[in-house]
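# The sequence isn't on hand, but the structure is:
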């Protein structure tokens, strides 16, 4: 990418999209275009195609998606499948029509089978059944991967797919009804501390293992691979290190300063037992994460207190 190339970041208000914009700006890219969902509804095919044909971006980071945690994924199953298919179909096909030089599709680690061997290698895609609670979202993301491959095969489009692990960072979603586990814990422990609550309830047993990557690291990987990787096969983005949900909860409560009890509601689902990305391919391409988890938690908690709490 040249500094003057026109770069469209779809989903720039989300955690990942905003991190990509920050990274591009810090790297000196001068021609970044964005649209809010109010300005451009990517679920609208005509509007999306008209925008792309008029703007003709050179590069697209497709970070726009309908996202949420276990509750949201399992409750709004039709919405997660339908809306994500709409967004990615319209942007990917529109990128082809507009002659975009390169598109990067951001997927999710939930594309892999629930009981796949650990760590998760890229070639494990479509080798087993998915985790039921987020199956619709996973199916949409798998369709996006295959769509990029198909447009590459049929039309020689330089469309690449990357699969991030669990992400956290500034501009995350802290709504307890549809947030992911990391921001939900930050908010729960903070509010319990402020309100002197004797205990905090968390879902499941605490035994599942998860890997967490800071959004700024994710953005750095995206920009790096956009400039260096042109392969057909998807690439995992992660740290290669995981922790149990119980360990995560204890670390967050310690950093927040909450000293009450953690009550694990074992009537609630755990989700996939373990999700650890194999990042051998990523490291072989020359990129590695910089944030360790404890430093990442501290930075996110400071951001939460400075920007989120004041709005609540």
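Structure received. Computed from a predicted structure; not experimentally measured.
# Do a quick rundown of the helices in the stretch 1-150 of the chain.
In the stretch 1-150 of the chain, the helices defined using DSSP state H, counting those that start in this stretch lie at 15-26, 45-55, 70-75, 77-98, 135-155.
# oh sorry, the question was meant for the stretch 201-312 of the chain
Taking DSSP H, counting those that start in this stretch, the helices of the stretch 201-312 of the chain run over residues 215-228, 245-256, 280-284, 293-303.
# and the second one with helix 293-303, angle?
Okay, so that is helix 245-256. 50 degrees (axes from the mean of the first three to the mean of the last three Cα atoms, to 10 degrees).
# Not counting helix 245-256 itself, show me its contacts.
181-182, 185-186, 189-190, 193, 200, 202, 204-210, 212, 243, 259, 262, 264, 270, 293-294, 297-298, 301 (Cβ atoms under 8 Å, 6 or more residues apart in numbering). From N, CA and C alone the C-beta is placed, and that goes for glycine too.
# Drop anything exposed from these.
181-182, 185-186, 189-190, 193, 200, 202, 204, 206, 208-210, 212, 262, 264, 270, 293, 297, 301 (16 or more other Cβ atoms under 10 Å).
# Out of the helices of the stretch 201-312 of the chain, which one sits most buried?
Most buried of the helices of the stretch 201-312 of the chain by mean neighbour count (mean count of other Cβ atoms under 10 Å) is helix 215-228; its value is a mean of 21.
# same question for that one, mean pLDDT?
What helix 215-228 shows for mean pLDDT is 98.
# quick one: residue 205 and residue 252, what's the gap?
Distance of residue 205 to residue 252, computed by Cβ to Cβ, to the nearest Å: 17 Å.
# An error on my part: the question was meant for residue 136.
From residue 136 to residue 252 the distance is 29 Å (Cβ to Cβ).
# For the stretch 201-312 of the chain, give me the ranges with low pLDDT.
By pLDDT under 70, the low-scoring segments of the stretch 201-312 of the chain are 312.
# Could you do the stretch 1-150 of the chain as well?
Looking at the stretch 1-150 of the chain by pLDDT under 70, you get an empty list.
# What's the local residue count around the closest residue in space to residue 308 that isn't next to it in sequence?
Nearest residue to residue 308, sequence neighbours excluded (Cβ to Cβ, 6 or more residues apart in numbering): residue 174, at 5.6 Å. Residue 174: 18 surrounding residues under other Cβ atoms under 10 Å.
# Could you do residue 175 as well?
Using other Cβ under 10 Å, residue 175 is surrounded by 12 other residues.
# Check the gap between it and residue 99 for me.
Taking Cβ to Cβ, one finds residue 175 at 39 Å from residue 99.
# just residue 86 next, same as before
Counting by Cβ to Cβ, the gap from residue 86 to residue 99 is 22 Å.
# excluding its backbone neighbours, what's nearest residue 183?
Spatial nearest neighbour of residue 183, excluding adjacent residues (Cβ to Cβ, 6+ apart): residue 172 at 4.4 Å.
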